[in-house]
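Visitor: generate a structure from the sequence data that follows.
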Amino acid sequence: VETQALSGIDFKWGGGGVSDKVGADHFATVAQTKVDLPKSPSGKWRVRTVSDEGVRVFIDGKQVLANWTWHGPTEDQAEVELAPGAHEIKVEHFEIDGWAVLQVRLDPVG
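Guide: I've put the predicted structure just below:
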């Protein structure tokens with residue numbers, strides 16, 4: 001329905017609509033990017049999401065975080081080992097009704 005090029009995923013839609021095309025309820029978000037990561041001090045990275053409703057995060061085709069449930073604003077975290085260099089990241093999200101939020105961060109551990 002709509003495509004956007006963004007520098008990050010930090011959506012706090014609240015009870016309002018995403019856009020005139022998408023609306024406020026019953027929608028999905030799919031975001032894909034490729035990032036070139038530096039060396040993490042520990043070799044690990046923390047994936048952190050805040051979502052309302054379901055969210056899944058994939059790195060290099062492997063699911064690393066999932067809370068694919070109908071829930072209110074919820075923070076989820078996972079630690080993954082990633083070598084320095086290019087990695088593909090994909091985020092999937094669904095919104096049923098009510099409040100809507102989707103935030104994703106990737107930070108080095110240590």
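Visitor: helices along this structure, start to end?
Guide: With DSSP state H as the criterion, the chain has no helices.
Visitor: which stretches of it form strands?
Guide: 9-14, 27-37, 44-52, 55-59, 62-67, 74-81, 85-95, 100-108 (DSSP state E).
Visitor: among the ones you listed, which is nearest residue 3?
Guide: When the strands of the chain are ranked by proximity to residue 3, the top entry is strand 27-37, at 9.9 Å, counting by C-beta to C-beta. C-betas here are computed from N, CA, C, even on glycine.
Visitor: same for that closest one, what does it pack against?
Guide: Here strand 27-37 touches strand 85-95, strand 100-108, going by 3 or more C-beta pairs under 8 Å, 6 or more residues apart in numbering; DSSP states H and E.
Visitor: ok so, going back, and the strands of the chain as JSON lines, adding mean neighbour count, mean pLDDT and distance to residue 20?
Guide: Shown next, in JSON lines, are those (neighbours: other C-beta atoms under 10 Å; pLDDT from 0 to 100; distance: least, C-beta to C-beta, whole Å):
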{"stretch": "strand 9-14", "mean neighbour count": "15", "mean pLDDT": "92", "distance to residue 20": "13"}
{"stretch": "strand 27-37", "mean neighbour count": "13", "mean pLDDT": "96", "distance to residue 20": "13"}
{"stretch": "strand 44-52", "mean neighbour count": "20", "mean pLDDT": "97", "distance to residue 20": "21"}
{"stretch": "strand 55-59", "mean neighbour count": "21", "mean pLDDT": "98", "distance to residue 20": "24"}
{"stretch": "strand 62-67", "mean neighbour count": "14", "mean pLDDT": "98", "distance to residue 20": "29"}
{"stretch": "strand 74-81", "mean neighbour count": "14", "mean pLDDT": "98", "distance to residue 20": "28"}
{"stretch": "strand 85-95", "mean neighbour count": "17", "mean pLDDT": "97", "distance to residue 20": "16"}
{"stretch": "strand 100-108", "mean neighbour count": "18", "mean pLDDT": "96", "distance to residue 20": "15"}
